[in-house]
Structures are given as C-alpha cells and as structure tokens.
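**Q** pasting the structure only:
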C-alpha cells in the first residue's frame, strides 16, 4: 500500500486523482486545495486540506501546481525525508526543496477538464535521485500506464519543447486552417479526416518519410499561387517560413 | 451502369481505381498510363492504354495527373461532349478543354501508395457546370463515400491551402519534434499519444478552444527558457513566429 497526497487542484491534479482513487494498493491521504470547491466533487471533503499544517503524513507527495510555484510549495511541506515529486515537463528536479527526497512524475498528455483520458496509454516520464525512489515511482506509474520511461531533467525539457511543437503549434495550424475555411465559407469538417490521417500516418511512418505537398515537391507554381490567395499577413509569413523549412530539410539529405 | 476511364497511374489514380473496381454499377473501360508497369498489378492488361488514340468511349473520364498537365491531357482526349473531370484541389474547373463537359472530383485526403485507405470516410468535393453533370458526379461519389460536398473552384482552392496547413505543415512540426527528440536522445514514441490526442481533441472542440501552452498563457518565463534551449536557428524562428501568432490570436478576442 502506498499512501500518497496530491498538492494542487487544477487539471493535472484532478486527472491524477481520478486515476489514482480507484486503484487497489493506493491510498489517497489528502488533497491540498486552496479552494475546496475545485475538487470536492472528486474526493471526500474530510481529505481536502487548505493549510499545509493540516497535511497528514504520507509516503509520497505529488505537487501538481503551476511551474513557477513548485519550489515554494515544496518548501511549505512540513515533513522531511518523504518522497516529494512534481509533475512538470519543463522544470528541473533540482527546484524541489532539499529537506525531502526528490522526484518527477510527468504524465505527457494534454489534459482538458472536459475530456476524460485513459491513463493506460499516457506515457509517464519519471526521474529520481536514487534507485530506490526510482523504483517506487516506476511501480506507481505502472499501476496507471503501460508506458513508463526513465527520463532525466534535460531530456524532459527537450520533450516538453517537442510537445509544444507537436501539440500547441500543431493546434494553432488547425486554427489557421479553420480560419481560412471560415473566410471562404467552407465547412472545416471537410478537413477532419485529413487531420486524423496525418496524425495516424506517423504512428508507422517517420515524419520525414510522410512529408508531402508543394514545398516538398518544390512546386513553385502552387506555392506562389497559394501565397497570392492568402490575404492575411500573418498566415502568409507562417506559410513562407514553414515552406522554406521543408525545402531546407529536403536539401540536407 | 456508369462507364468510366481513369487517366493517370499515380497515387490518386491508383487509389481511385482500387476503390472503383469492386463497385457494382461502375465499369472501368480503360486506364491510361504512359508506363503500363505502374498500374498492371491493379487492372487487366488489355484495359491499359498508353496512346490517346486507343481510348474507347466512356461516360466519364477522370484525369488524375499532376496539376500542371491537366489542361494538355484534357486537350488530348479525342471525344467530345463527354463528362471530363480532374481530381485536383488547387486547379480551377476552367482549365479543362471546352470540347467536353467539365467537372471536378476531388477526394480530400493524403494518399500514400503504401497505405490502404477507406474511401467511405474521405470527403469528396465535387463541382460541375450544370445540374445534370453535378448529379452524375454526386451519385458516383456517394458510391464511394458518406461525405460528399458541393464545392466551387474558389472554395476548393481555399480548402487545398487549409490542407497544406493542417497536413503538410503539421507533418513538418512532427518532423521538428522528432529532430529535437533525436538531438536529446529521447524516444519520439513518447510523443505519439499526445499527437493523436491533439488531432482527436478537435473532432469535438474547436481549435480555438483547444489551444493550450506557454504562448496561450503568455508565459514568458517558459517561452524564453525554451528559446534558449533550442540551438537550431530554423527551429527558433518557427518557435517565435508561431508563439507570436498564438498570442496575436488571443488579443483578437
């Protein structure tokens, strides 16, 4: 039995709580939430605390809060020599306070409150400062997910940046596609099967091999015609820089 | 029974041939291929022709060739008053020769020779110059797909450009994510569930509402830290322009 406490009541905290609370072998001791109303639909009220002095002891404290307050939250835990982990992609293990043993438990997924997720397919990247703590986190992660990876802080930072490209920036390109459709009175739904196929294709083919389109073919007639069609300055600049980047990649070979 | 001939032997021609050949109510009269070896694994040899003089008559000629030769191919069809369509997203219906009735039959999907596709989910965008021809194409499209749209040439061009953003450019962002992983000795597979979730999310949530990340949050600490981490000039420039674009979109509201 592992006794754990979650500190935080936002998106990641809520998804972790929902995932953990039904697993045999895990006992949720407390959830720390400044505002109990954020989380009292997910756990018994008497387990929610809003003052660090009220936290009971536990084997593991999972800090799921904004990147910029992880260090101060870790300072406020009054226990010592417990395993304290954060859940952030972009923050080093080193920001955690030295009075406890340190670790990272980073589920790499885009969490939305309104969408349920199946944790079994979510990669969990773990890091610890000693082998014993690493094994504790690995065992815990394997209770949730089939995909558990040992990732150090520098690797995790690179993953987090890659995630910005393949998630945040990709979504913004979907947004631009949607805008162009709206401007031309075309139903964006027409593009949805293409969007799914584009993502599915690279499950089995490398993105390098999957690249198609006018930039890849160096088809300057189509490229110039499409640039002429775009009236939005911002869309034009993004079109140019990504076309140029695809063409440069072709030359590297 | 509709008698049709496919002109071309590339990716789109092959996928259309495979889709059409098993449908009751469709007879493939000929396939035109400069090199019979491109296509003779998919159709009886005696139906393949390499000289326009050898084409038999048909109700419908589908020109599935490169954009820049659609007009000259349509000139070389020796019949008149047949329905002749092309399959291109970016080319106007007007480039087809006037001696035949004109149309467009544009399946909006990214075709790869090595990947089978299920046509039933592929949107087919059709256009014709009169209602009767439109109905012929609509009936034909509905034999293949549940998703048939009436789209004029200007709308189709905007769709084609949107497709460049959501398919070609998105794939290039996957490539950059893959490159960053490789540079930092991280397994790109870790990002694949996130890539799928990013695409799946916008099936039900608009890309505007689905946007997350440091740019959306105006989190300049994370943005600057990630820019510092990137050593590749090209990756930095793309990061900057897409971050700026997401931030500008936020301000429009």
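**A** Now that the structure is in, tell me what you want to look at. Worth saying up front: this structure is predicted, and the values here are computed from it rather than measured.

**Q** got the residue ranges for the strands in the stretch 101-250 of chain A?
**A** Taking DSSP state E, counting those that start in this stretch as the criterion, the stretch 101-250 of chain A contains strands spanning A:101-107, A:124-128, A:148-150.

**Q** Out of these, the one nearest chain B is which?
**A** Chain B lies closest, by CB to the nearest CB, to one member of the strands of the stretch 101-250 of chain A: strand A:148-150, at 5.9 Å. For the C-beta atoms, the positions are set from N, CA and C on the backbone; glycine is no exception.

**Q** out of the strands of the stretch 101-250 of chain A, which comes closest to residue B:160?
**A** Closest to residue B:160 of the strands of the stretch 101-250 of chain A is strand A:101-107 (CB to CB; 37.6 Å).

**Q** Next, the angle helix B:233-252 makes with the lengthiest helix in chain A.
**A** If you go by DSSP state H, chain A has its longest helix at helix A:233-252. If you take axes from the mean of the first three to the mean of the last three CA atoms, to 10 degrees, helix A:233-252 sits at 160 degrees to helix B:233-252.

**Q** sorry, back to before: with distance to residue B:93 and mean neighbour count as added columns, please give the strands of the stretch 101-250 of chain A in JSON lines.
**A** Converted to JSON lines, the strands of the stretch 101-250 of chain A look like this (distance: least, CB to CB, whole Å; neighbours: other CB atoms under 10 Å in any protein chain shown):
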{"stretch": "strand A:101-107", "distance to residue B:93": "50", "mean neighbour count": "23"}
{"stretch": "strand A:124-128", "distance to residue B:93": "52", "mean neighbour count": "23"}
{"stretch": "strand A:148-150", "distance to residue B:93": "52", "mean neighbour count": "17"}
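
**Q** can you put the ones you listed in a markdown table and add distance to residue B:206?
**A** Putting those into a markdown table (distance: least, CB to CB, whole Å) gives the following:
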| stretch | distance to residue B:206 |
| --- | --- |
| strand A:101-107 | 25 |
| strand A:124-128 | 29 |
| strand A:148-150 | 32 |
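
**Q** got these as CSV, with mean pLDDT and distance to chain B columns?
**A** CSV is the format used below for the strands of the stretch 101-250 of chain A (pLDDT from 0 to 100; distance: least, CB to the nearest CB, whole Å):
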stretch, mean pLDDT, distance to chain B
strand A:101-107, 98, 10
strand A:124-128, 98, 7
strand A:148-150, 97, 6
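
**Q** so which of these gets nearest residue B:222?
**A** strand A:101-107 (14.6 Å).

**Q** In the lowest-mean-pLDDT helix or strand in chain A, which residues are buried?
**A** Here the helix or strand of chain A ranked lowest by mean pLDDT, DSSP states H and E is helix A:233-252, holding a mean of 91. For helix A:233-252, the neighbour count (16 or more other CB atoms under 10 Å in any protein chain shown) marks A:235, A:238, A:239, A:241, A:242, A:243, A:245, A:246, A:249 as buried.

**Q** Stretch A:112-121 too?
**A** So, applying 16+ other CB under 10 Å, buried residues of stretch A:112-121: A:112, A:117, A:119.

**Q** and of those, the nearest to residue A:171?
**A** Among these, and counting by CB to CB, the member closest to residue A:171 is residue A:112, at 11.4 Å.

**Q** How many neighbouring residues does the closest residue to residue A:182 other than its chain neighbours have?
**A** Distances taken as CB to CB, 6 or more residues apart in numbering or on different chains place residue A:188 nearest to residue A:182, at 7.3 Å, with adjacent residues excluded. For residue A:188, the count of nearby residues is 20 (other CB atoms under 10 Å in any protein chain shown).

**Q** among the strands of the stretch 101-250 of chain A, which is nearest residue A:42?
**A** Per CB to CB, nearest to residue A:42 of these: strand A:101-107, 16.8 Å.

**Q** roughly how far is stretch A:223-242 from the heart of the chain?
**A** 31 Å (CA atoms, centre = their mean, to the nearest Å).

**Q** List of residues touching it?
**A** For stretch A:223-242, contacts defined as CB atoms under 8 Å, 6 or more residues apart in numbering or on different chains pick out A:173, A:176, A:179-180, A:214-215, A:243, B:90, B:157-158, B:160-161, B:164-165, B:169, B:172, B:237-238, B:241-242, B:245, B:248.

**Q** Show me the shaky parts of the stretch 151-253 of chain A.
**A** A:250-253 (pLDDT under 70).
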